[in-house]
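Enquirer: Below is the sequence, then the predicted model.
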Amino acid sequence: MSTPRINWLLLVLAVGFICMFVKYTFNSSQYYCLGHNEDTHQTDTLKLENVLGHLPRDLQVSVGSWLLSFQPNIQDEFDVLVANKVSADDPLMVAHTRKVIVPPSKHGQIKLNNKPYSQTPQSKEILSILQNQRNGFFIEAGAANGERSSNSLHLELHFGWKGLLVEMDPYWYLMTIAKNRRAHTLNACISTTTSPVRLLMQASAGGLGKVGGKKGTPVPCYPLYSMLLALNQTRVDFFSLDVEGNELPILKTIPFDKLDIRTFAIEDKGSSAELKAFMESKGYIAHKHIKTQDLKLAVYVDDTIFVKKS
């Protein structure tokens, strides 16, 4: 049997199997396949990862993208907002964003694949800066599977933090919602403009995706400010930003005069002078650059920690 035919068969079987597993996970009705169900069934994250994990990388993205397709009316609504280039704080934009952000899981315990998990050096540094603050609010953009190299997981589990996990890759996002995290989640990218856009995501064999090319899977991109207004949240204690090269364009969309963001961990390969100059212009100091890796734990860090001047 030819490779394309095998891939197609794997795709069909995986879609049917995964759809049965994850249709009970969501408490919202924006997704076409997953639908709406208030039962307390839980997704078995290990089985879900085992099924998707055996697919080729392009099929992982295709399956996840299909499962997470918005209802037609939601897609049409987004397309109109994109066409009209509405601003991040437009009431229609905020209302739409509120519809697509998935609320925290209510389905039992957080389900991790690795116990104990590994706390990242970024979260250790943030806790030191904030003096082990409890009940804070985080944003993690580039959330991956909600566990591996997560800069917010320790804050959530041991310090009662809440927040927003943003992951554009549909495969990784499925893994995230299967973890039953106590955070809001959004399967999208953060817009590099102050309006919504739809960009193409390219997924590498290593699992990291980036947007902005001419080929790939279409993904919706929402302004960060729209997300926070949708959550009625203007104070952020920690913003983890790791989006494979679009960090500075995203930062330039943030209305710093309207938001109080206390600390950042920003992927900063090469310790960019431009990034530091921009953050300093917005009232932040470069507190520390962290560069380390642990192949066994799949931790690869090249971040700068920024702290808002008091």
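Expert: Perfect, thanks for sending it. Residues are numbered from 1 along each chain as shown.
Enquirer: The nearest residue in space to Ile261 that is not next to it in sequence: how many residues sit nearby?
Expert: Closest residue to Ile261 apart from its sequence neighbours, by CB to CB, 6 or more residues apart in numbering: Val236 at 4.5 Å. In short, each C-beta sits where N, CA and C put it, glycine included. Using other CB atoms under 10 Å, Val236 has 21 neighbouring residues.
Enquirer: was I right about Ala286 contacting Phe306?
Expert: Yes - counting by CB atoms under 8 Å, Ala286 does reach Phe306; the two are 5.9 Å apart.
Enquirer: now the strands for this structure?
Expert: Taking DSSP state E to define them, one finds strands in the chain at 137-141, 162-166, 184-186, 189-190, 197-203, 209-211, 217-222, 235-236, 238-241, 260-261, 263-267, 284-294, 299-308.
Enquirer: The fourth one pairs with which strands?
Expert: Right, the one you point to is strand 189-190. In the sheet, strand 189-190 lines up against strand 217-222 (parallel) (DSSP bridges).
Enquirer: Okay, angle between the partner strand and strand 162-166 too, please.
Expert: 140 degrees (axes from the mean of the first three to the mean of the last three CA atoms, to 10 degrees).
Enquirer: Need the residues touching each of Ala286 and Phe306.
Expert: Listed as contacting both Ala286 and Phe306 by CB atoms under 8 Å, 6 or more residues apart in numbering are Met279.
Enquirer: between the two, which one's more packed in?
Expert: Taking other CB under 10 Å, Ala286 and Phe306 do not tie; Phe306 has more neighbours (26 against 18).
Enquirer: confidence score at that one?
Expert: With respect to pLDDT, Phe306 has a value of 97.
Enquirer: Next: Met20.
Expert: Per the predicted model, pLDDT is 50 at Met20.
Enquirer: and what of Gly35?
Expert: Gly35 is given a pLDDT of 37.
Enquirer: So Asn114 sits against Ser149, correct?
Expert: No - at 11.2 Å, Asn114 does not count as touching Ser149 under the criterion of CB under 8 Å.
Enquirer: coming back round to it: which residues are in contact with the residue nearest to Ile261?
Expert: Val236 touches 137-139, 228, 259-262, counting by CB under 8 Å, 6+ apart.
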